[in-house]
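Novice: Sequence and predicted structure below; questions after.
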Amino acid sequence: MPEHPSPQEQARIAEAMTQQRWSDAAMLLARSADPADEARRRLCLNLATAQAHRPQVYRAILTDPAPERYEIAPSAEGLATIQFVSPDGRRMSMSPGNRPRAALQSALQQLRPQLDRGDSLGLIGVGDGYLLNHLAHHPPALHLGRQQLLHLIEPEPKLLLVAMMIHDLRPALLAGRVFWWIGRDWDQALRSAVLADCGIPTPASTVTQCVDRDDANARYTAVGQAVIEQDRKVAQRVRQYYQSLPPDHFLRAARRQLGRPSRVLLLTTRYSTVLQYSTRDSAEALEQLGFETLTVIEPSETRATTRASMRQQLADFKPDLVFQIDHLRSEHVDVFPAELPFICW
């Protein structure tokens, strides 16, 4: 039966936590009947998972130099919530209206269309942790195993540390569909990632839950503008390349008279078995005829084939023909230059 730890057991718990042996500390704390020890146990379990599976998040939490500005407090609904303590001692609840349950239901109602469609989401700030906890434990069931991508942005790791005492965030720490951007340089990390990989969808919708909302939103907007600017430059490169080709280029490509293998870009999706494998068969047939092929498909359940990623493939591969089953050029709006032949089967 759980009981209050003896002084010797408290010393063992403190030693395990000091040595960052979080799993050992959690096991020892599980024997305690003290409610405060349950919060510490939850924290240790979260930290053990972060230590093993999210080392960057773990380092950000443990090396954060910011002062302690957050503490656990009861909410108007009786649930534990988090309060921000300003330098002059004023307190502000991280739960809107100091009602975490009502705030969660309101947020879920507003996000219902995005959740149903599986649109990528962004949480700018952990807030009181209830929305993140719900989204981690209850991912939407999407078609053919597709997973909703969730960007978690938290400028202040100390807030995340306190949230780990209230919520079991291990599903979020383990899920590949959750991208973590933690610490004062979160925007630089996010910017580097989305500029390097156009297949990482930026959030279609965001929920801001941090104290300095204006700064966080401005930094997030700057990341989005950098993505748009990069895509504009790639689109310009693609246009210039295809406009520079001689008038008979594509005729010679069809006859395989370019002095190099003619290149075919094939588009498909992992969310249609028929399209996916028929496209693969088509690529194999083209290769047997001497064409070089590149098949564009979502690389994982969380990644997307975006217009920006297709434009990047055009810029890198420079195909002489685009091939897609059951979809028309017009569906891609302005991705493919008018000069580039597009075949729909």
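Specialist: Structure received.
Novice: end to end, how far does stretch 109-129 reach?
Specialist: 17 Å (C-alpha to C-alpha, to the nearest Å).
Novice: Flag every buried residue along that stretch.
Specialist: 111, 114-115, 118-129 (16 or more other C-beta atoms under 10 Å). Using the backbone N, CA and C atoms, a C-beta is placed for each residue, glycine as well.
Novice: List the ones among those that fall in strands.
Specialist: Leu121, Gly122, Leu123, Ile124 (DSSP state E).
Novice: List just the nearest of those to Gln148.
Specialist: Leu121 (6.8 Å; C-beta to C-beta).
Novice: Tell me, how many residues neighbour Leu275?
Specialist: Other residues near Leu275 come to 18 when the count uses other C-beta atoms under 10 Å.
Novice: hang on, I meant Leu108
Specialist: Counted with other C-beta under 10 Å, Leu108 comes out at 14.
Novice: Could you check which helix or strand contains the closest residue in space to it that isn't next to it in sequence?
Specialist: Excluding the flanking residues, the one nearest Leu108 by C-beta to C-beta, 6 or more residues apart in numbering is His134, at 7.0 Å. Here His134, judged by DSSP states H and E, is contained in helix 130-137.
Novice: List the buried residues in that helix.
Specialist: Here helix 130-137 shows Tyr130, Leu131, Leu132, Asn133, Leu135, Ala136 as buried, counting by 16+ other C-beta under 10 Å.
Novice: any chance of the residues you listed in TSV, plus distance to Ala189 and pLDDT?
Specialist: Below are the buried residues of helix 130-137 laid out as TSV (distance: C-beta to C-beta, whole Å; pLDDT from 0 to 100):
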residue	distance to Ala189	pLDDT
Tyr130	25	97
Leu131	22	97
Leu132	18	97
Asn133	23	97
Leu135	21	96
Ala136	20	94
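Novice: which of those residues sit farthest apart?
Specialist: Most distant of the buried residues of helix 130-137, by C-beta to C-beta, are Tyr130 and Ala136, 10.8 Å apart.
Novice: Would you double-check that Tyr241 falls in a helix?
Specialist: Yes - counting by DSSP: H, G, I helix; E, B strand; the rest coil, Tyr241 is part of a helix.
Novice: quick one: contacts for it?
Specialist: Ala315, Lys318 (C-beta atoms under 8 Å, 6 or more residues apart in numbering).
Novice: Could you measure from it over to Thr293?
Specialist: Computed with C-beta to C-beta, to the nearest Å, the distance linking Tyr241 and Thr293 is 19 Å.
Novice: again with Asn46
Specialist: Taking C-beta to C-beta, one finds Asn46 at 46 Å from Thr293.
Novice: What of Arg307?
Specialist: From Arg307 to Thr293 the distance is 21 Å (C-beta to C-beta).
Novice: who has more neighbours, these two?
Specialist: Using other C-beta under 10 Å, the more surrounded residue of Arg307 and Thr293 is Thr293, with 22 against 15.
Novice: In terms of secondary structure, what does the worst-scoring helix or strand of the chain on mean pLDDT contact?
Specialist: Least confident helix or strand, the chain: helix 7-18 with a mean of 90, by mean pLDDT, DSSP states H and E. The helices and strands touching helix 7-18, judged by 3 or more C-beta pairs under 8 Å, 6 or more residues apart in numbering; DSSP states H and E, are helix 22-29, helix 35-53.
Novice: Which strands or helices does the longest one pack on?
Specialist: Okay, so that is helix 35-53. Short answer (3+ C-beta pairs under 8 Å, 6+ apart): helix 35-53 packs on helix 7-18, helix 22-29, helix 55-62, helix 157-166, helix 170-174.
Novice: Now do the buried residues in the second one.
Specialist: For helix 22-29, the neighbour count (16+ other C-beta under 10 Å) marks Trp22, Asp24, Ala25, Ala26, Leu28, Leu29 as buried.
Novice: Using JSON lines, lay out those residues together with distance to Pro35 and pLDDT.
Specialist: Putting these into JSON lines (distance: C-beta to C-beta, whole Å; pLDDT from 0 to 100) gives the following:
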{"residue": "Trp22", "distance to Pro35": "20", "pLDDT": "96"}
{"residue": "Asp24", "distance to Pro35": "21", "pLDDT": "95"}
{"residue": "Ala25", "distance to Pro35": "17", "pLDDT": "94"}
{"residue": "Ala26", "distance to Pro35": "16", "pLDDT": "95"}
{"residue": "Leu28", "distance to Pro35": "16", "pLDDT": "92"}
{"residue": "Leu29", "distance to Pro35": "11", "pLDDT": "92"}
